[in-house]
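> Pasted the sequence and its predicted model underneath.
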Amino acid sequence: MNNENNKYVYAPLPTLEGLTFRRFEGPSDYPGMVDIIMSNMDDPDTHPTSLEDVTSDYANISESVPVRDVLFAHHGDQPIAYCRSGCHWEDESQSWLYSWIAHVHHDWKHRGIEEKLVDWLEKQAGINHQTLHTGLAGMHSTYIPETNQHRLDIVRNRGYSPTRYFEGMKRGLEDIPEHPLPEGIIVRPAMPSQYRQVWDADVEAFMDHWGATTPPESEYQEWISNKTYFQPYLWQIAWDGDEIAGMVLNYIDLTENQERCRLRGYTESISVRRPWRNMGIAKALVCRSMKMMKALGMEEVALGVDSENPSGATKLYEGLGYRSYKRSVVLRKPLE
């Protein structure tokens, strides 16, 4: 470890017969991470990635310190699994959340590796909490598709409990309904000088939703640098004068469409600020978004939604023709 890395406190490396474990070594690890993820493309919940995507993600990462919070498993010289712990403050629960991800190469699943990774993630999170946030509440948290029964069994056996469910919804682009905007509300693009205003309006609109937090400046930088999701030319922004009333931050994931052999657009980050709610703005913007996606040659649209969304978003989307096609669950447990 160099002097910079020596300032961190590290959980012991796991042991498992036939494998070695090590910490993050820098950009040279990125190709191995891509290979591990892409080996699981037979799983419909695996999101395709690229070297460019991983490089961008780690250049702007805000919730983790990779040299401390990332772990690799190797078989010989070949990386076969990796995991990462992250941390952020959640306003609603008034606690530090230690979320984590773990990826295992397709050929090495169900061999005890995931259990070792999760154990290490919890230990590193516990050390980070005692080092940085002692005396404050803390929780482990992870997000798992319900189809991943193996991982659900692992975390339930470790004391995690379901906390919230999220639906993935989609619909084809036939028979798109008509919903006009309220009088005085217009749609126009956001200029680059207004990207911060869009970010702030979106954060404000979601502050009364489950899991809300005040994001650090680094998350804004992550957002504007992510080419997969940050596509302002596809946004539908509703304005009332110079004020943003609501938005749909649409995007098309070209890599995913190519890997999955489909034509899908995402109608995501749908939000309306409090003074403009219950006016039909969200319906109008989603319908405009669907028409735009159809004009661009897409065959379907999709979104994710909190199944207990306080604004009744699930019913709104069902009324616009979206139907659930998958469900994921957030599971949590208190830090020991």
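Done, it's in. As the structure is a computational prediction, the values presented were derived from the model and not from experiment. Residues are numbered from 1 along each chain as shown.
> show me what contacts the residue nearest to A282 when sequence neighbours are not counted?
Ranked by Cβ to Cβ, 6 or more residues apart in numbering and with sequence neighbours excluded, the top spatial neighbour of A282 is V272, at 5.2 Å. Where you see a C-beta, it was placed from the backbone N, CA and C, and this is true even at glycine. V272 is in contact with 205, 238, 245-246, 279, 281-282, 311, counting by Cβ atoms under 8 Å, 6 or more residues apart in numbering.
> what ranges do the strands span in the stretch 101-250 of the chain?
With DSSP state E, counting those that start in this stretch, the ranges of strands along the stretch 101-250 of the chain come out as 138-145, 161-172, 186-187, 236-240, 243-248.
> Next, work out how far apart P162 and N148 are.
Distance, P162 to N148, by Cβ to Cβ, to the nearest Å: 14 Å.
> What of E25?
Distance of E25 to N148, given as Cβ to Cβ: 28 Å.
> Between the two, tell me which one has more neighbours.
With neighbours defined as other Cβ atoms under 10 Å, E25 and N148 compare such that N148 has more, 15 against 11.
> what's the more buried one in contact with, if anything?
Per Cβ under 8 Å, 6+ apart, neighbours of N148: D45.
> switch to numbering from 833
I'll keep to 833 as the first residue from here, and by that count the last item is N980.
> how many other residues sit next to V897?
16.
> How about the contacts made by it?
Contacts for V897 (Cβ under 8 Å, 6+ apart) come out as Y840.
> Can you give the domain ranges for the chain?
Domain assignment for the chain by automatic domain parsing gives 837-991, 999-1163.
> Rebuild the ones you listed as a markdown table, extending it with mean pLDDT.
Formatted as a markdown table, these follow (pLDDT from 0 to 100):
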| stretch | mean pLDDT |
| --- | --- |
| domain 837-991 | 95 |
| domain 999-1163 | 94 |
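> What's the end-to-end length of stretch 1027-1046?
17 Å (Cα to Cα, to the nearest Å).
> Off-centre distance for it?
Relative to its chain's centre, stretch 1027-1046 lies at 15 Å (Cα atoms, centre = their mean, to the nearest Å).
> Now that stretch: buried residues?
By neighbour count on 16 or more other Cβ atoms under 10 Å, the buried set for stretch 1027-1046 is 1027, 1030-1031, 1033-1035, 1037, 1042-1043, 1045.
> Quick check: the two most widely separated of those residues?
Y1027 and W1042 (25.9 Å; Cβ to Cβ).
> how much space between T887 and T1060?
T887 is 13 Å from T1060, by Cβ to Cβ.
> let me redo that: A1044
23 Å.
> now G1112
30 Å.
> So which of these two has more stuff around it?
Using other Cβ under 10 Å as the criterion, G1112 and T1060 rank with T1060 on top: 20 against 17.
> Name the nearest residue to that one, sequence neighbours excluded.
Nearest to T1060 is D1085, by Cβ to Cβ, 6+ apart, at 5.6 Å.
> if we can go back for a sec, closest one of the contacts of V1104 to H920?
Using Cβ to Cβ, the contacts of V1104 come closest to H920 at A1037, 18.9 Å.
> Going along the chain, name the helices of this protein.
Using DSSP state H, the helices of the chain run over 862-870, 883-891, 898-901, 945-964, 981-989, 1027-1037, 1049-1057, 1086-1092, 1113-1127, 1145-1151.
> Any chance of these in CSV with distance to V1133 as columns?
CSV is the format used below for the helices of the chain (distance: least, Cβ to Cβ, whole Å):
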stretch, distance to V1133
helix 862-870, 25
helix 883-891, 22
helix 898-901, 34
helix 945-964, 33
helix 981-989, 28
helix 1027-1037, 19
helix 1049-1057, 21
helix 1086-1092, 12
helix 1113-1127, 5
helix 1145-1151, 10
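> Relative to P1009, which of the ones you listed is closest?
helix 1113-1127 (5.8 Å).
> now the closest one, how far from the chain's geometric center?
On Cα atoms, centre = their mean, the centre of helix 1113-1127 falls 23 Å from that of its chain.
> and if you look at stretch 1148-1165?
Worked out by Cα atoms, centre = their mean, stretch 1148-1165 lies 15 Å from the chain centre.
> Next: stretch 1058-1072.
When distances are taken as Cα atoms, centre = their mean, stretch 1058-1072 is centred 17 Å away from the chain's centroid.
> Quick check: beta-bridge partners of the residue minimising distance to the centre of the chain?
When the chain is reduced to its mean C-alpha position, the nearest residue by Cα atoms, centre = their mean turns out to be Y975, at 9.1 Å. Beta-bridge partners recorded for Y975 (DSSP bridges): V1162.
> which ones are touching it?
By Cβ under 8 Å, 6+ apart, the residues touching Y975 are 931, 998, 1160-1162.
> And A1037, by the same measure?
A1037 neighbours (Cβ under 8 Å, 6+ apart): 1078, 1103-1106.
> For it, give its distance to N1141.
A1037 is 12 Å from N1141, by Cβ to Cβ.
> Kindly report the same for E1088.
Between E1088 and N1141 the distance is 24 Å, computed by Cβ to Cβ.
> How about D939?
D939 sits 39 Å away from N1141, going by Cβ to Cβ.
> Comparing these two, which residue is more hemmed in?
Legend: neighbour count by other Cβ under 10 Å for D939 and N1141, higher for N1141 (16 against 9).
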